[in-house]
Structure formats: structure tokens, C-alpha cells
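Visitor: curious how this folds, go ahead:
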Amino acid sequence: MDIGLSTASYFQKMQIEDAIPDIGAHGVQLCEVFLNTYSEYEPAFVELLAERLAKANLRVFSIHPMSMQFEPQLFSIHPRQREDAVFLFERVLSAGKRLGAQCYVMHGPARLFGGVKNIELARIAPIFIDLAERAARFGIQLTLENVSWCVFNEPEFGMRLQAMTDGAIKHTLDVKQAVRSGHDPMDYIHAIGEHIVNVHLCDATPLASGGVHYDMPGFGEYDFVSMFNLLGEKGYAGPAFIEVYSDMYTKIPVLYESLERVKSIVSRSCYGNGLR
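Guide: Down below sits the predicted model:
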């Protein structure tokens, strides 16, 4: 199993074009590229990233845009909204192809305060299929991430989506978002584990008050060994990325201490012999 870093973990600590050489300088060979805004979708900026990735000897597994900038509109009932959103979606896919990404990480429609209309699965499942087909034309697999405030916030939704799309959609498992949704991440693995192709790591420790303390992977008490073993039982063969909010740590070296702790955890799981 490859253990990598998402550039999202550097948010407001270092710009993406500087985070890439920093990741490479620490000997990490695989990353997820998080594009923060529209200007970072532009071909000239993508070329800059490609140059720095090559110089850093760093491979890109997945590409992840700032979802609220256009992803909800991909599912809009308004044709112009959807047309403009598809243009941006394909711009990101083009960036992903240039950078060598295999996966696109999508949040999809939001469920903010329960006020969002027209996100019934019967209506949006065909849209997911269309988006997956568009991504495939760029050589990229569409993955829907479980997110507490978005459409895929319950394990059962993933099961229903799989049934309605015949496995066309794969998934990114996000540990912190699973816990924020009130579930153990393993609930999602039980539900759609065979369709998970990407994993985002964060630590979560239950508090006596009933709350949860989120922390750097390996710094808390979450049972990652059991989680990795369950992924192994489901046939998971992908990487795992440290993808945390940047206010969870103070200095960049903490990211790499976390990475080493994760490697130690993985070494005690079923992936121990294939750890990279």
C-alpha cells in the first residue's frame, strides 16, 4: 500500500506549487492534488504543476477540486448552470489527465440544512453515469467521496447508488467525514468496500462528552489496523492519503511525523508486506 499526502493538507500553509517540491523533498512519491480555485484549473498553471511534479519525482494519483465552486451545478435542473459546470468539470479532468491522475474526487450535490431540492437519487443517478463517462474519456475514474454535508453522507446511499449505476461509480473513503456523519468509517467499507479506490486519512478520538477530537493520523485513538484489515478483506488495492485540515497541526514536520506513524500502523495490518 502506498501512503501519500494530499496537497489539501497544506491549505493556507503553503501554495500548491510550493507544496509539491516540499512533498517530494521528504521522499514521498505519491500525492493527491487539490486545486483550490478557478485560476488553478488554467492550462498554464497546470503546466507549472506538471514541471514541479516531474522535478520532485512525485506521481499524482487523484485530483480534487474545490467542490462548491461548480459541482452542485453539475446536477442542476437549469441547463445553462449545468452546461457551465460541465465546462469546469472537464477543465479539471483535462488538468488531471495532464498530471497523470487516475481518479477524480467528487463531493457532488450538497445537503446544506436540508434545503437543497432536486437531488433525488432517481434523478441524479443518470447524471452520475454521464459524468463518469465524461471522466473516462480523459482516462480518469470518477469517485464519489462520503461527505457529511453532501449527498453521500450515509452508507446506505452508496449501496443504492451502486445498484442504480451498475458499479460505474467508485468511491473515496474519507475517515473524518464518516465520523462527522455519525458513522464508523468501517460502516462505509461494509456497505461499498468493493467500490472504494481511494482513502483519505484523519484520526478521530471519541470524547467523554460525546464529541470527537479530530487529530493527525496516528496521533489519536482510531483503530486504523482494523480498518485497513477490513479494506483488505474487500480487496482494496489502492493508496491512502493523509488529508487533514491544516489547522490540525502547527508546523510542516508534523505532517511527516504523521506519515511515519501511519506507515507503522499499516505495517501491523494485512498490508504490512506491501507497504511503500
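
Visitor: what's the burial count for the nearest residue to residue 203 once chain neighbours are set aside?
Guide: Spatial nearest neighbour of residue 203, chain neighbours left out: residue 220 (3.2 Å); criterion: Cβ to Cβ, 6 or more residues apart in numbering. Glycine gets a C-beta too; all of them are placed from N, C-alpha and C. For residue 220, the tally of surrounding residues (other Cβ atoms under 10 Å) stands at 16.

Visitor: tell me how far residue 220 lies from residue 258.
Guide: Distance, residue 220 to residue 258, using Cβ to Cβ, to the nearest Å: 10 Å.

Visitor: helix, strand or coil: sort out the spatially closest residue to residue 14 that is not a sequence neighbour for me.
Guide: The shortest distance from residue 14 to any non-neighbouring residue, by Cβ to Cβ, 6+ apart, is to residue 22 (6.4 Å). Per DSSP: H, G, I helix; E, B strand; the rest coil, the secondary structure class of residue 22 is helix.

Visitor: I'd say residue 22 and residue 13 touch.
Guide: No. Here residue 22 does not reach residue 13: they are 9.7 Å apart, not a contact under Cβ atoms under 8 Å.

Visitor: now for those two: what residues contact both?
Guide: The contact sets of residue 22 and residue 13 overlap at residue 252 (Cβ atoms under 8 Å, 6 or more residues apart in numbering).

Visitor: which residues are in contact with residue 135?
Guide: Counting by Cβ under 8 Å, 6+ apart, residue 135 has contacts 93, 104, 141-142.

Visitor: check which residues of stretch 243-251 are buried.
Guide: 243-244, 248-249 (16 or more other Cβ atoms under 10 Å).

Visitor: which one of the residues you listed is nearest to residue 274?
Guide: For the buried residues of stretch 243-251, the closest approach to residue 274 (Cβ to Cβ) belongs to residue 243, at 21.1 Å.

Visitor: from what I see, that closest one and residue 7 are in contact.
Guide: No. Residue 243 is not in contact with residue 7 according to Cβ under 8 Å; the separation is 9.2 Å.

Visitor: for stretch 38-46, which positions count as buried?
Guide: By neighbour count on 16+ other Cβ under 10 Å, the buried set for stretch 38-46 is 40-41, 45-46.

Visitor: quick one: which of those residues is nearest residue 199?
Guide: Closest approach to residue 199 among these (Cβ to Cβ): residue 40, at 23.8 Å.

Visitor: surely that closest one touches residue 16?
Guide: Yes. Contact criterion Cβ under 8 Å: residue 40 and residue 16 qualify, at 6.8 Å.

Visitor: show me how far the least confident helix or strand in the chain by mean pLDDT is from its chain's centre.
Guide: Sorted by mean pLDDT, DSSP states H and E, the helices and strands of the chain end with strand 203-206, the least confident at a mean of 88. Between the centre of strand 203-206 and the centre of its host chain there is 19 Å, according to Cα atoms, centre = their mean, to the nearest Å.

Visitor: flag every buried residue along that strand.
Guide: Applying a neighbour-count criterion of 16+ other Cβ under 10 Å, one finds 203-204 buried in strand 203-206.

Visitor: how about the strands in the stretch 101-250 of the chain?
Guide: According to DSSP state E, counting those that start in this stretch, the stretch 101-250 of the chain carries its strands in the segments 103-106, 141-145, 170-174, 196-201, 203-206, 212-215, 240-242.

Visitor: between residue 243 and residue 7, which contacts overlap?
Guide: residue 32.

Visitor: please enumerate residues in contact with the lengthiest helix in the chain?
Guide: What stands out as the longest helix in the chain, according to DSSP state H, is helix 79-99. Contacting residues not belonging to helix 79-99 are listed as 33, 35, 38, 41, 43, 46-47, 49-50, 53, 60, 63, 65, 69-76, 104, 131, 134-135, 138-140 [Cβ under 8 Å, 6+ apart].

Visitor: and the helices in the stretch 101-250 of the chain?
Guide: Secondary structure of the stretch 101-250 of the chain by DSSP state H, counting those that start in this stretch: the helices cover 121-136, 155-165, 175-180, 185-192, 224-233.

Visitor: point out where the stretch 51-200 of the chain drops to low pLDDT.
Guide: Applying pLDDT under 70 to the stretch 51-200 of the chain flags residues 112-117.

Visitor: kindly recompute the last result at 50.
Guide: Within the stretch 51-200 of the chain, no stretch falls below the threshold (pLDDT under 50).
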